[in-house]
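**Q** following is a predicted model, sequence given first.
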Amino acid sequence: MESHDVAMERRAQESTVTDMSRTCRRVTVDRDADLAERLCRHEPGATEALVAVYGDRVYRLAIGITGNRSDAEEVVQDALWTVVRRIETFRGDAAFASWVYRISVNAAYQKRRARGSCETRCHGTTLASRSRRPARTFTRIATGRRD
């Protein structure tokens, strides 16, 4: 009889564990949710905390996309200023870091596009046109010319 009681108790425990796994959802914790809330409340020091936490990350990302330091520094300013200005649009569906990352990437690509169009307008040439063109090389080989 004792083995029957032990078996029944084990089944009860297993069903409880199964029920808990059905009802428990994976809880994700956003490490920077408190920073986002502080920014939303416009607390003093929240902007400085944003720069302290994300400044270097955004800079490394920006320098990888833009390729130069001055543009990367401008991207950091633009991106973090956009985060501060647009914090009310942060819905919290994703992690705050993901939102900041996306804003930073967009700012870096925008800077790169602007720099490219400025080089074309200001200097009449682009980086690609300054490099050796494969078509020109092919033409020299085909005609036997040496420039």
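**A** Looks like it came in fine. Residues are numbered from 1 along each chain as shown.

**Q** now residue 52: how far from residue 112?
**A** The spacing between residue 52 and residue 112, counted by C-beta to C-beta, to the nearest Å, is 26 Å. For glycine as for every other residue, the C-beta is placed from the backbone atoms N, C-alpha and C.

**Q** more neighbours, those two?
**A** Set residue 52 next to residue 112 and count neighbours by other C-beta atoms under 10 Å: residue 112 wins out with 17 against 11.

**Q** what sits against the more buried one?
**A** Residues in contact with residue 112, defined by C-beta atoms under 8 Å, 6 or more residues apart in numbering, are 65-67, 71.

**Q** repeat that for residue 109.
**A** residue 65.

**Q** about what we covered before: out of the contacts of residue 112, give me the one that has the most neighbours.
**A** Top of the contacts of residue 112 by neighbour number is residue 66, holding 20 neighbours under the definition other C-beta under 10 Å.

**Q** show me the shaky parts of this structure.
**A** 1-28, 117-147 (pLDDT under 70).

**Q** which residues in it form helices?
**A** In order along the chain, the chain carries the following helices (DSSP state H): 2-23, 33-40, 46-66, 69-85, 96-123, 127-130, 134-143.
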